[in-house]
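>>> take this sequence and fold it.
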Amino acid sequence: MAQMRDVTAKIPGMLLAAGIAAVATVIGAFVPLVGSALPAIVIGVVIALIRRPGGPFAAGLKFSSKMVMQIAVVLLGSQLSLAQVAKVGVESFPVMISTLIVCLLAAWILSRLLRVESDLAVLIGVGTAICGASAIAAVSPVIKARNASIAYAVSTIFLFNVLAVLLFPPLGRLLGFTQHEFGLFAGTAVNDTSSVVATAGIYGTAALGFAVVVKLVRTLMIIPISIGLAIHTARREGSRVAFTPRGILTLVPWFLIGFLVASLVRSIGVIPDAALAPISAAAMFLIAMAMAAIGLSTDIAGFRSAGLRPLVLGGLLWIVVTVTAVIAILLLR
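From the prediction side, this is the model:
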């Protein structure tokens, strides 16, 4: 009976978040560059500004912002097969690993210089280095980030994705990138899938196909980064970490294990190709639903207090990743 009451208590908040996600999905369909995550979080924040939902909505919004987001991350794993990882990973690894290391190092240094709050700096750094909203969705529960930080990070990443769509194709032509090289560049230096598709699609069909696969392989970087952050968070909170396979495994969030399992299931052919598009759409809808819940629950005062420094951090990291990717691709010619 108690469990039934818990489930019932979650329904109003989940329905509200799902309704906003549906509207955001329609917006994303008409404006692919925007995607669905950003409209969802913006609509949620606007509603919270007018009147922040509480009472009967609280339990469902909390569930949507945490568990629903984690389920979405698991579904994202089904988009990767080990064959794709092996084929594309070998070629793109030097560019991906160099941009990842340089970006995270720059995020650590610049966030200290700019005095950006640590959790927000982590979200912006990981979102820029890996894959935007998906990486933020995976990392935020690991570091127990506040909703205001998540909202700010998603918005910051989106802004520079728009700039990438406008500036990267002319930059690629100026540098004489082939379709293949530009696909590697877009898949590495642009974050959210919708922005990768928009950027590479402008350059050409061949660039688009390769960019999407590179972007998916890049998503795997979420796993080691999340494990490292889990260890760091545990130590920061005073928990002892046993550096053994079993000890580290206890810190790995269940949804990252689910991500790997989904990828393995895809690799052995259990998930047919025809199911990939619906699963991807479901994952994006759940991310939009989680972002809507985060927007509705956001502490607006905390959002305002962050100021412009996190935005400056995001801009500098975007430049760092872009320059690093260009240099790496030119060196590999």
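>>> what's the neighbour count on P56?
12 (other C-beta atoms under 10 Å). In this view, the C-beta of every residue, glycine as well, is placed from N, C-alpha and C.
>>> give me the below-cutoff pLDDT ranges for the protein.
Along the chain, segments meeting pLDDT under 70 span 1-4, 33, 84-85, 194, 237-253, 299-306.
>>> what packs against the lengthiest helix in it?
Within the chain, and with DSSP state H defining each element, the longest helix by residue count is helix 82-114. Here helix 82-114 touches helix 118-129, helix 179-189, helix 205-219, helix 254-267, helix 309-331, going by 3 or more C-beta pairs under 8 Å, 6 or more residues apart in numbering; DSSP states H and E.
>>> need these in TSV with distance to A293, can you?
TSV is the format used below for those (distance: least, C-beta to C-beta, whole Å):
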stretch	distance to A293
helix 118-129	17
helix 179-189	29
helix 205-219	22
helix 254-267	16
helix 309-331	21
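>>> quick one: which of those is nearest F93?
Nearest to F93 among these is helix 205-219; the distance by C-beta to C-beta comes to 8.7 Å.
>>> pretty sure L82 sits against L264.
Yes - counting by C-beta atoms under 8 Å, L264 is a contact partner of L82 at 7.3 Å.
>>> mind listing what's buried in the longest helix of the chain?
For helix 82-114, the neighbour count (16 or more other C-beta atoms under 10 Å) marks 84-85, 88-89, 92, 95-96, 98-100, 102-104, 106-107, 110-111, 114 as buried.
>>> could you do stretch 265-285 as well?
Taking 16+ other C-beta under 10 Å as the criterion, stretch 265-285 shows R266, S267, I271, I279, S280, A283, M284, F285 as buried.
>>> out of those residues, which one sits closest to R236?
Each of those was scored against R236 by C-beta to C-beta, and A283 proved nearest at 30.2 Å.
>>> quick check, that closest one in contact with L76.
Yes - A283 lies in contact with L76 (C-beta under 8 Å); the separation is 5.1 Å.
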